[in-house]
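> Starting from these lines, generate the structure:
(chains A, B, C and D)
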Amino acid sequence: MSGYRVHRNSQRINAQAPCQFRFDGKQLKGFAGDTLASALIANGTRLIGRSFKYGRPRGIVGHGSEEPNALIQLETGGYTVPDLKATQVELYDGLNATTTTGFPSLHFDLKGLAGTFSRFMPPGFYYKTFMGPIKAWPLYEKIIRKAAGYGRAPVDPDPEFYDHLHHHVDVLVVGGGACGLWAATLAGRAGLKTLLVDEQNEAGGWMLSDTSAQIDGKPALKWVSERLAELNSLSNVTVLTRTTAFAHHEQNLVQALELVQDHLPLAARDSHTPRERLHKIRAHHVVLASGSIERPLVYGNNDRPGVMTAAAAQTYLNRYGVAVGRKVLLMTHNDAAYDAARDLAQAGSRVTLIDTRLRGAADWRQHEAKSAGVALMLGYGIAEVHGKTSVSGARLVQLDPFTNTVRARGPRLSADSVLSSGGLTSTVHLFCHNNGRPYWNENSQSFVVPDEGRQGISCAGSITGRWELSAALAQTHAAVSAMLLGFGRSTNGECPVSDERELAPTRRLFRVPDGLPEGHGAKAFVDYQNDVAAADIHLAVRENYRSIEHVKRYTALGFGTDQGKLSNVNGFAIAAEALGKPIAEVGTTTYRPAYTPVTFGALAGSHVGDTFDPRRYTAMQSAHVKRGALFETVGQWMRPWYFPKGKETMHQAVDRECLATRNSVGVMDASTLGKIDVKGPDAREFLNRIYSNAWSKLDPGKCRYGLMLDENGMVMDDGVTACLADDHFHMTTTTGGAARVLNWLERWHQTEWPELKVRFTSTTDHWSTTAVVGPKSRAVLQKLCSDIDLSADAFKFMDWREGTVAGVPAKVFRISFSGELAYEINVDACYGHYIWEQVMQAGEEFGITPYGTETMHVLRAEKGFIIVGQDTDGSMTPIDLAMGWAVGMKKPFSFLGKRSLSRSDTVRKDRKQLVGLYTEDPKVVLAEGAQILSTSDDAPPANMQGHVTSSYHSAFLGRSIAMAVLKGGSQREGDTVYVWAHGKKYPAKVVSSVFVDQEGVRQHA
Amino acid sequence: MFQIHCPHCGATREEEEFSYAGEAYIARPANPEEASDAEWGDYLFMRKNTRGWFWEQWQHTAGCRKVIAVKRHTGSYEIAGSWTLAEGKEHYLKESEA
Amino acid sequence: MANRYSFWSLFKHGLKHHESWQPAWRSPQPRSRYDVIIIGGGGHGLATAYYLAKNHGVKNVAVLEKGYLGGGNTARNTTIVRSNYLWDESAHLYEHALKLWEGLSQDLNFNVMFSQRGVMNLGHTLQDMRDIERRVNANVLNGIDGVILSPKEIQDIVPLMDISNSTRYPVMGASYQPRGGVARHDAVAWGFARGASEQGVDLIEQCEVTGMIIENGRIKGVHTTQGDIFADRVGCVAAGSTSTLAKMAGVRLPLESHPLQAFVSESMKPCLDTVVMSNAVHGYVSQSDKGELVIGAGIDSYLGYGQRGSPHVIEHTAAAIIELFPSFSRVRLNRQWGGIVDVAPDACPIIGKSPIKGLYFNCGWGTGGFKATPGSGHVFAHTIANDAPHPLNAAFALDRFNTGHLIDEHGAAGVAH
Amino acid sequence: MPNFQPYLQSPLVNFNLPAQTVPAEASQKVRANELPLMGYIVLRGELADTAVAQAITKATGLAVPTACRFSSGDAGVLIWQSPDECLLVTARNYVPALLAACTEAFAGLFAQAVDNSGGLTTVYLSGVEHVTLLRHLGVYDFESVTPGDVASTVLGKAGALVCRVDGDGVFLVIRRSFADYLWLLITKAATPYRFAVAKLPAAGKSPFLRLVDAGSPAKRPVAA
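Have a look, this model is predicted:
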């Protein structure tokens, strides 16, 4: 037992609102306004985790996002969250948390035993061992992985949801401390659209912890509430609490995470409100008032439970009404920590203040402390903390006043808590996410940002190294006034004043010496979470990991979930000492987002589940669903795959659909094909350039199949284009290629041939396309259409006609992707469903059969028609596809890709070329993607000749068919090859890829 | 994430409205048939890939669908300006002369 | 080795408070002349130097690094190692690398923590599955391990994955390479650095090349921020910065440097025992030995040397991960970063000679460089030592962009490496 | 020929909005509903070319809008899309006449009118939080969209035209094949705002809503 409740007038907890909560199964009590950490301390809980490498017992060290140790698992089941910092979890009634470390238990930890061998586990020890025997590494790794890691990943789906909110503001103020509030006030008064975000559950920042602070002659907290009242009264100002700005990007885009409901009991959470909200804020100007964080000093066993920063203890006392201990040692090298000593003493703790400075703080502060009952020891330092799972005392040393060495041994003091203050570290992260660099300020002993900030960013308050409130406010006032000038606005308000107080210089000290060579004494931790001790940094440097990035990576310094908020500066300082360089020269490591961890769900926002990516449907969707279609994803489109009847397998369904179509009539939804209206005097010329084949002689009323190549000569898209008028064409593209092709046309037109008078308008969504396919398709259409002469001679294959189908204006294309007599009826998509149903009705007497993509694939494969993306893979030219007929080599203009077709590699005779395959066993349907060998020798590395691109059972032919690409295939018809998949070989004969109706009689019927 | 000014819409819009369209002002050989394989290969594949100020194309796909010229620093990501392809070309040519 | 690593050495040094460890590598002043200069002190460059010394007896070598060793993409990638590439040329190259990986820790006497936990490439559409079938068959016929998994089999290996049909892009299957896995990225650079240094290679950090000394079509040396350094053979292995170097030599390359972003979650107990990659939903994820989910995002579309990209790319990747692993919704991102990847038009590297005699390039690895590190260094060392390509990198010469003989790995690569 | 009874279906037919439609109330902080099927005509031509501009006005009776604005009149709403493209939103039964009028007016000009009536639909989004909702969905600065403005931008992963007539709400012109996705996205994002599929307000001066009434075949198209 150590921590306990005391009453403080400044406390922000609500003593009238007790909260029951559970920690590792133990029922405990806290109050509304507590954090889990403050409540745990109040309940005397000390041991809260085991360290990651040595399994050393650990307790709470900080009071906010800087906390390295108190990583807990919050709640269970769907609501569980791993690795939350107890110092940031707001307490609510019924909260249930567990520790994340310690195996088998927190109090008896095996790693703890391993820890006794810690001297043999220096940084990078795993790089130096576990190397043999080679087979053993997986075993070692298993152990290492088990040992590492904190919380447990959730396994249940997330019951809550998240969203994004975009802001466009004049000024974003990051940080709601005194300086941030003043910046927002001035911006707000100037009429600027202002947004202030603060990490905590209420604004005020350090003012919430510092009871003695005064602004404009009144208690700081009173001034804070006045500011908040004013800001709330301004319609142009928004204040968001529980909102952490965690990343800064180009042109002042700031991402901030708001914890909307995390502070509420699970039962009290509103299912209509997001758990967390990601704010994406575009600001003309950003004011960084993100403040600073106190860092501890580095000394022996400074990780024992009960060791804390002075600021944390002061905060727990004044803000939460929790005294961290009855007998407290506080070591400092600066004046500020005297406040903590004073407050703790006033609250009844026995405080010994160990000031590493021989002369101590400014007189008034020493006097204030003494009169509060604080015992002062000047010129001393703590060499080593005593106690294992809880602090029991410490051994002091007398310090040399000038050099950081030990002058003499010091007394042993008993204590239940040890605090230290190593000065403040400015929170410069956001300034540095996007090119900014902090600089070392010797005065403030911190990496700080320049007063003037940089383009679009002002820096206000202690982020600039102004530790004293008065100086911080003055700097803020100046910086914000300058910003307002930039907006052409004036400053409305006098700079708030806080009394200037005399200060004694701080002692330049990071690692408190213990009189022994580094590494010989007790471990002195720099980074608690990653178990990095001062000696480890020295070792890294000794092994020539001298770049600060190397030091960081070799020791893992600052790699934890606290992002080194407590440890980095101490680490850099100790590295500098080891390197014999000034800190400024050593510099910092790179600051990366996120400032504090961000929930994946919040990043994803509403782009999950059914809105992860659009599902695009055609107008006939409900008709397909009604007929039991299964769907295939093609691009973003949902296309009917096949229409099983009863218990049919896909194979059975597809056989039925194929036969019905070849023998009578089938119907398919072709609406997903891309459609582009191409019009202008130069439309023809443009088509000539963009397609590989010729378009000069295509008359109105006619259609033509076109191949599109990229400049590299490879097939990128294909489709049928109809000539509507001499200067007007209706282009179709593949389903997946629609958007790509439209941009392709636009880019070539705008960048290369702006002189061509032609325009492209997407009509993909306007037209619904119903393909009526099969010998009976004419008969079906005749029942629906009277104003088009459908007779074979009047309406030929590859013609199109305008008319009325089932009373609806339609464009009918007589084109075929199946080799059958076929018509594609294009109507205004609002009529799409109607036309589909009309066709079904009209076809009933012929047993009309709806079919999906699978049957479409079989029918077109029987004809040897390619599918771009399936039979091609970006490495196939038209020649490779035996489609030389679609290449107009004589066209005057060198169409896209033409030149590439004559390069040495593209004219090679032994390129992979499209062929057909007949397996010797007609029942064998080859795997699409099976590889082809010339001989039956498949010993690796085997000589692969090509692969199967399309393969089906053809019910119409009563055997299997396959399309493949084969080296030199065009010359190999009749050869026998061996098709290989998963160790099985199937002999097959190379044949023409046109399996059905080579003469094309059927489609011309 | 960038904000890019579209000279056609006369407005500054977020990157999500645009799609990147690569290096600007790559000239297609006037007579491809006369270009050597090397010349053709250069046009097809070789790129400046400048570290520094760079002329590139963005297409305002969610807006006016126009391709525009943007001068951007590929190191600092600073954007000097954006122009219609025609306007941009003048600036571009002036710079390449200089 | 002067300073051999082992349990025993740890024990000995432990007793001596670790005060007598030798530097992992020397940091000498640059000399004015070397036989070979390697520009770029990342994994590939250090490996090249290591194999030059070890396999070709070329020990008078300098590696010039403008920053710190292994500070480029070596330090910024998602450490995936696999060799299940589609085309013979790349499959053989990456398999060569994978074989070297399998003995690397022992060879370097430096544990690079190569963890063969398997790599899974998910298929979400029928075409994905055709491509997977094609690739796996090709892999096996090339002597590379690979199998196709059904959703059920995937679930057995990755229990937390949602294989239901209700997702936007249901998982239809996957290719799986058991020998694939991950490695400790920094250790790879340090291990090669230590090995190279041990054999006499000079590793020069904070030494930026500012110009090339070329006389009548021959490389003579380089200007650097630490003065001129001469050598008759210079190998450029500078990833994203390659184009800048090429410009100095007046060489045009088919490269574009893009930001590639990645992020890690907070550290958790083991919950994912293999590497999962999905091109269709644009995400790939593994769990580090430290317990962090290591997640790779897509390439930003634009050119960029800023080592950072646009946030919506990260947001999309987070959504993709949740699409695959709904329960990760409440897991938190801890740190994000970006690298600069130099991408070639066919998503394959360029390894070989240049128009300048004695000047060699090893670049264009795009998103796939890390996995190739030892193989890349091995064949590049051979290329430099013999002024002729190793059979394994002959096909990756620069002239393929004139002949048109591209090795189009886009299908097999996507973004997900 | 049998006597056909053609029917039309909206892209959102599968949500059966009419059945969900309730009266508008203040408590519904976000309301949305689909307008009945409209006519949509894409007008292509250099708007800066006075001949083209005059032809457009002649055919539609509408002034050619400036960049990112729309004009309106009896024939409907003319939305600027690009220097050579406008979208005319009109009553469905006006379409044939307007197409004819355009073809006539564009004779001899490099300009065209493309019917896209099947490809688009319009959703009216209103309620005190309708701007907040847009801010949930898209990166555009929707607070800056004033009456007469149109924002052609992305909502989630789909494009949309956002037109503001007055302070009460905006009209979203969206593509048929993305309508399903966008509706899901809107309803999802509106969860915190007591979302309702609310009855459309009376036409009043709204050029969009007036077209709804004009939609009945009885009315004759207004064209030059």
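> What's the nearest residue in the stretch 401-550 of chain A when you look at chain B?
Closest to chain B within the stretch 401-550 of chain A is A:Asn435: 6.3 Å, counting by CB to the nearest CB. Every residue, glycine included, has its C-beta placed from N, CA and C.
> can you list the residues of the stretch 201-350 of chain A near chain B?
With CB under 8 Å from any CB of the partner chain as the criterion, the stretch 201-350 of chain A meets chain B at residues A:249-251, A:253, A:282.
> try it again with 7 Å
Within the stretch 201-350 of chain A, the positions near chain B by CB under 7 Å from any CB of the partner chain are A:249-251, A:253.
> Ramachandran coordinates for the residue nearest to C:Phe325 when sequence neighbours are not counted?
Spatial nearest neighbour of C:Phe325, excluding adjacent residues (CB to CB, 6 or more residues apart in numbering or on different chains): C:Leu160 at 5.2 Å. For C:Leu160, the backbone dihedrals (degrees, to the nearest 10) come out as phi -80, psi -10.
> Can you tell me the element the closest residue to A:Ser671 other than its chain neighbours falls in?
Counting by CB to CB, 6+ apart, the nearest residue to A:Ser671 once its immediate chain neighbours are dropped is A:Thr618, at 4.0 Å. A:Thr618 is part of no helix or strand, with elements assigned from DSSP states H and E.
> Please apply the same query to C:Lys152.
Per DSSP H and E: helix C:151-157 holds C:Lys152.
> Centre of the chain to that helix, how far?
28 Å (CA atoms, centre = their mean, to the nearest Å).
> Now the element after that helix, going C-ward?
Using DSSP H and E, the next helix or strand after helix C:151-157 towards the C-terminus is strand C:173-177.
> do that following strand and chain A meet?
No: judged by CB under 7 Å from any CB, strand C:173-177 makes no contact with chain A; its nearest approach is 10.4 Å.
> Mind giving me the packing neighbours of the helix or strand just after that strand?
Per DSSP H and E, the first helix or strand lying C-terminal to strand C:173-177 is strand C:181-182. Packed against strand C:181-182, as judged by 3 or more CB pairs under 7 Å, 6 or more residues apart in numbering or on different chains; DSSP states H and E, are the following elements: strand C:80-81.
> Each with direction, which strands does the strand it packs on pair with?
Partner strands and pairing direction for strand C:80-81 (DSSP bridges) are strand C:181-182 (antiparallel).
> Contacts for the strand it pairs with, please.
Residues outside strand C:181-182 that contact it (CB atoms under 7 Å, 6 or more residues apart in numbering or on different chains): C:79-81, C:114-119, C:275, C:286.
> mind checking how far it is from the chain centre?
Taking CA atoms, centre = their mean, one finds strand C:181-182 lying 12 Å from the centre of the chain it belongs to.
> What score does the residue nearest to A:Ser671 have for pLDDT?
For A:Thr618, the pLDDT comes out at 98.
> Now do the contacts for it.
A:Thr618 is in contact with A:669, A:671-672, A:768, A:832, counting by CB under 7 Å, 6+ apart.
> and it, how far is that from C:Gly146?
Here A:Thr618 is placed at a distance of 38 Å from C:Gly146 (CB to CB, to the nearest Å).
> now for the residues of the stretch 201-350 of chain A next to chain B, which pair is the farthest apart?
Distance extremes for these: the farthest pair is A:His249 and A:Gln251 at 7.6 Å, using CB to CB.
> pLDDT (mean, whole number) over the helix or strand C:Thr48 falls within?
In this assignment (DSSP H and E), C:Thr48 forms part of helix C:43-56. Averaged across helix C:43-56, pLDDT comes to 98.
> Would you mind pulling up the elements that that helix packs against?
If you count contacts as 3+ CB pairs under 7 Å, 6+ apart, helix C:43-56 packs onto strand C:36-39, strand C:61-64, helix C:185-198, helix C:369-386.
> cutoff 10 Å now
Judged by 3 or more CB pairs under 10 Å, 6 or more residues apart in numbering or on different chains; DSSP states H and E, the packing partners of helix C:43-56 are strand C:36-39, strand C:61-64, helix C:88-108, helix C:185-198, strand C:202-204, strand C:233-236, strand C:359-363, helix C:369-386.
> and the residue nearest to D:Ala51 when sequence neighbours are not counted, how many neighbours?
With sequence-adjacent residues excluded and distances taken as CB to CB, 6+ apart, D:Ala51 is closest to D:Leu109, at 6.0 Å. Each residue near D:Leu109 was counted by other CB atoms under 10 Å in any protein chain shown, and the total is 15.
> So in chain A, which helix runs the longest?
Longest helix of chain A, by residue count under DSSP state H: helix A:469-486.
> so what secondary structure elements neighbour that one?
Applying 3+ CB pairs under 10 Å, 6+ apart, we find helix A:469-486 packed against strand A:162-174, helix A:178-189, strand A:214-215, strand A:276-288, strand A:457-459.
> No more questions from me, cheers.
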